[in-house]
Structures are given as structure tokens and as C-alpha cells.
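Chemist: Just to be clear, the model below is a prediction. Sequence and coordinates:
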Amino acid sequence: MDSIKNKKDMPADMETPKTLPINYNTQVLVQTEAITDIDEGAVKVQGNNYWIGHLKCYNWEMPTHFHDHYEICFFLTENITCNVGTKSYVLKSGSIAVFNDTDIHRIIVSPDVLHDRFIIQFNPKFMQEMFFAYPELTEQFTNRTSKFQNCLQLDETQKEKIILLLNKFIYCYEDKNTNSYKLKIKLILCEILLFINEIYYANQISPAVKNYAYNEQLRPIMEYIQDNLSMDLNLDNLVSKFFIGKQTLIKLFKREIGLTPNQYLIYCRIIKAREFIKQGIYIYKVCELVGYTNISSFIRTFRRLTGYTPKYYQKK
């Protein structure tokens, strides 16, 4: 998700959370037809294909965000907190996480701890032929059950296997001058997805110990927002419905997910708007369905959070 840069016409609570300066002492980046910027402690990715990195840094913080691609993270650092929607995970070294294009999430690591992780990000369109032939490859992104957990702990054998596959992905790119390297990249990504699917499928059959928690006070409020995006969900209406003080509600949201209630509402509305736009619904109707009364405000917010106007997004 692009960082918000123009703050003049923006409510104060819409500003992106500040991040700490990043100090990369090791980085291996592989990308094609993508732009990767390291800016104010965040890695920003734009493009249509894929991106993989093995990154190590101190003083790392990623604001709560969503994006238009799928993401796989493999963590080699202890005591990571991962917030995804209404769930909060505490992760150990050897944990894996998957995020789709609707997951609102953030990763929290102590600033004095070396944050060591592999990241793969890819646009589903890059794998369109593979996904059409083998739809089970997208199971953990598109067909989640009630038992689904974004983050799982791997055993030692699984950790060794995923590291081999991730390094294989990186090394394959070094041979990019061959005629078939793009096909090789897709096959390796298929291999990684199949391996991850096996892990997640096994967990659904015989669930591991639940490694996440809900904030029982915040969960119903977040679910209410998600289910009523077309309604007037201003702060006064929320505190009245849930019998909670304004400042208490704001502090609760900021502590648990790193956003104000209004920011969370806007994120949910734009994510839902993308879904409607992909279905071919007219922009004016989408604006109404997600609770905007002003089309200009909707277009401006959509572009700020996705990098595209709704009209362009519908065509791409």
C-alpha cells in the first residue's frame, strides 16, 4: 500500500503511523517489473509480477496496511507480534504467515532485535494460468475455513524445507538470462505454495494449539464495521451503540491494530470497493455501497490508498 504523502486535505487521524529509520545490514532482493523503495522504515512494492527478499534489520516497524497482492512471510526472529484483522498472534522463530489482498495487518518487532525474515509478494495474475489449472494452489488465500490461522509454527524439518525453497527461488533469478527462467520461477512458486498448502491443510484437519487471541471488547465493533460499510459509522454512532467512551474506543483501536476507528473504517471501505470494482459495478454505485456520499472524496481516498483511480483500477 502506498504511503500517504499529501497531508493538506486529510483529516489528522488519516495520517500514516510514523515509522523508525531502517538499518539494513543484510538484504537480498529479487524482483521483476516491480519497483521497490526503502523509505522511512517501510518497503514499498509496486508492480505486476513478484518480489522476494531475505531481509535483516534493526529498528523496523511496518504500519498497519493492506495491499493488492498476496504475501508469504517466513520469520527467523523470536517474539514477533502479528495483528491480522481481529486476531493477534505472538510468533516464534520458524513461523510462517500468509496474507491475501483483503487482510489488514501489521508486524511488531522490538526495535533492538534483529528482524530476520523472508518475504514473497506476488500478483495473482502472474500465476493466472497455474491457478486456473490448479485452483487448490490459492486455498490459503481465497478459500479459508473458520479454523484458518494466518500464522503457523513450523517444525525443524519444515523450516529446513521452506528455507531451501526460498533460496532456490532467489538463486533461480540469478539465472534469469535463460529462455525459460520465468517458467522456472512460476514452478518454484508453485512448489512453495504446494508445500504451504500441505502445512495449512494438516493444521485444519488436526489444529495446532491456537496461537492467537481476540480482544473481546474490540472484536464485535470491528465486525459491526465490516458488516455495515454503507451506513453512517461515525464515532458518535459507534460509542452510542457499544456503550463505550470516545477516547477509550480510540485508544483501544490504536493499541490493538494501530489505527483509529475512522482509519479502520476507511481501510475496510476501500478494500470492499476494490471487490465491487472488480465485479464491474459502476463507480458511482460502488461509492454508495461503501458509504461515501461524495464521489470526489471517494476517488481521492481510493487513489491515496491503492495508488490508482477507481476507473483505472477497473481496467487494469
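Modeler: Received it, and whenever you're ready, just let me know what you need.
Chemist: quick one: low-confidence parts of the stretch 201-316 of the chain?
Modeler: 206-210 (pLDDT under 70).
Chemist: now the helices for it?
Modeler: Counting by DSSP state H, counting those that start in this stretch, the stretch 201-316 of the chain has helices at residues 219-227, 235-242, 246-257, 261-278, 283-289, 295-306, 310-315.
Chemist: Same list (the ones you listed) but as TSV, adding distance to N123.
Modeler: Yep, even glycine has a C-beta here, placed from its N, CA and C like the rest. TSV is the format used below for the helices of the stretch 201-316 of the chain (distance: least, CB to CB, whole Å):
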stretch	distance to N123
helix 219-227	25
helix 235-242	35
helix 246-257	26
helix 261-278	13
helix 283-289	22
helix 295-306	13
helix 310-315	13
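Chemist: At which residues are the strands of the stretch 51-200 of the chain located?
Modeler: Counting by DSSP state E, counting those that start in this stretch, the stretch 51-200 of the chain has strands at residues 61-65, 70-75, 80-84, 87-91, 95-99, 105-108, 115-122, 151-153.
Chemist: quick one: buried residues of the fourth one?
Modeler: Spelled out, that is strand 87-91. Burial within strand 87-91, assessed by neighbour count using 16 or more other CB atoms under 10 Å, is assigned to K87, S88, Y89, L91.
Chemist: I'd say the second one and Y212 touch.
Modeler: Think S88. Yes: using CB atoms under 8 Å, S88 is in contact with Y212, at 6.0 Å.
Chemist: domain assignment for this structure?
Modeler: 12-212, 215-315 (automatic domain parsing).
Chemist: ok, so what distance separates the residue positioned nearest the centre of the chain from T306?
Modeler: Nearest residue to the geometric centre of the chain (CA atoms, centre = their mean): F66, 4.3 Å. Plainly put, F66 is 9 Å away from T306 if you go by CB to CB, to the nearest Å.
Chemist: hmm, back to that, how about the residue nearest to the centre of the chain, what does it touch?
Modeler: M1, D101, T102, D103, I104, H105, Y267, I271 (CB atoms under 8 Å, 6 or more residues apart in numbering).
Chemist: How about it, nearest residue that isn't a chain neighbour?
Modeler: I104 (5.0 Å; CB to CB, 6 or more residues apart in numbering).
Chemist: Now the phi/psi pair for that neighbour, please.
Modeler: Backbone geometry at I104, expressed as degrees, to the nearest 10, gives phi -90, psi 120.
Chemist: Look at it and say how many residues are nearby.
Modeler: 23 (other CB atoms under 10 Å).
Chemist: surely it meets P63?
Modeler: No: look at I104 against P63 with CB under 8 Å: they stay out of range, at 10.9 Å.
Chemist: okay, the strands of the stretch 51-200 of the chain in a markdown table with distance to Q247 and mean pLDDT next?
Modeler: Shown next, in a markdown table, are the strands of the stretch 51-200 of the chain (distance: least, CB to CB, whole Å; pLDDT from 0 to 100):
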| stretch | distance to Q247 | mean pLDDT |
| --- | --- | --- |
| strand 61-65 | 20 | 88 |
| strand 70-75 | 34 | 96 |
| strand 80-84 | 21 | 94 |
| strand 87-91 | 22 | 93 |
| strand 95-99 | 31 | 96 |
| strand 105-108 | 22 | 95 |
| strand 115-122 | 32 | 93 |
| strand 151-153 | 31 | 93 |
